[in-house]
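Q: Fold the following.
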Amino acid sequence: VQLQASGGGLVQAGGSLRLSCAASGRTFSAYTTGWFRQAPGQERKLIAAIAWDGGRTYYADSVKGRFTISRDNAKNTVYLQMNSLKPEDTAVYYCAARPGAIMVGTTRYDYWGQGTLVTVSS
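A: Residues are numbered from 1 along each chain as shown. Modelled structure (predicted):
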């Protein structure tokens, strides 16, 4: 599975962005997909994930209620709608995929996109 993340950019605090993770290769619809982020000097952490069929989702406490993950398997794409953005959301955002259930650890994911930078100004 090859993943391509896009949609990052510069936005003011309180604004919104939608990230996309487009997949090619193997049957993407069979994979759980997660969005991770990594701020400078910090470790990469899972912030949202969605099961292969969209039936289950996971959100980190830091984004719960502001971010929404969704997927369109017909388009081989997973989205992350980010609302009410805060300066502390500034990071490089990565999408990643794995077969099976949602897992939190980065080492649990087999396929990674290249990352897209989100910068939130105050």
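Q: from here on, contacts and neighbour counts on C-alpha atoms
A: Fine.
Q: And the one residue sitting closest to the centre of the chain, which helix or strand is it part of?
A: Nearest residue to the geometric centre of the chain (Cα atoms, centre = their mean): W35, 2.2 Å. Using DSSP states H and E, W35 sits within strand 31-38.
Q: avg pLDDT for that strand?
A: Averaging pLDDT along strand 31-38 yields 97.
Q: one step back: just checking, the residue nearest to the centre of the chain touches V92?
A: No. In this structure W35 lies outside contact range of V92 using Cα atoms under 8 Å: 10.3 Å.
Q: what sits up against stretch 29-37?
A: For stretch 29-37, the surrounding residues in contact (Cα atoms under 8 Å, 6 or more residues apart in numbering) are 44-53, 73, 76, 78, 80, 91-102.
Q: May I see the PyMOL selection of the buried members of those residues?
A: This is how PyMOL selects the buried members of the contacts of stretch 29-37, with burial counted by 16 or more other Cα atoms under 10 Å:
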select buried, resi 44+45+46+47+48+49+50+51+52+73+76+78+80+91+92+93+94+95+96+97+98+99+102
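Q: among the contacts of stretch 29-37, which are in strands?
A: Among the contacts of stretch 29-37, the members found in strands (DSSP state E) are 45-50, 78, 80, 91-99.
Q: beta partners for the residue nearest to A51 when sequence neighbours are not counted?
A: In this structure, A51 finds its nearest non-sequential neighbour in T32, 4.4 Å apart by Cα to Cα, 6 or more residues apart in numbering. Partner residues in beta bridges with T32, using DSSP bridges, are R98.
Q: any idea how far N73 is from T32?
A: Taking Cα to Cα, to the nearest Å as the measure, T32 falls 11 Å from N73.
Q: Ok, L17 next?
A: Counting by Cα to Cα - L17 and N73 are separated by 21 Å.
Q: same question, S29
A: Using Cα to Cα, we find S29 at a distance of 5 Å from N73.
Q: Quick one: neighbours of L17, just the number.
A: For L17, the tally of surrounding residues (other Cα atoms under 10 Å) stands at 18.
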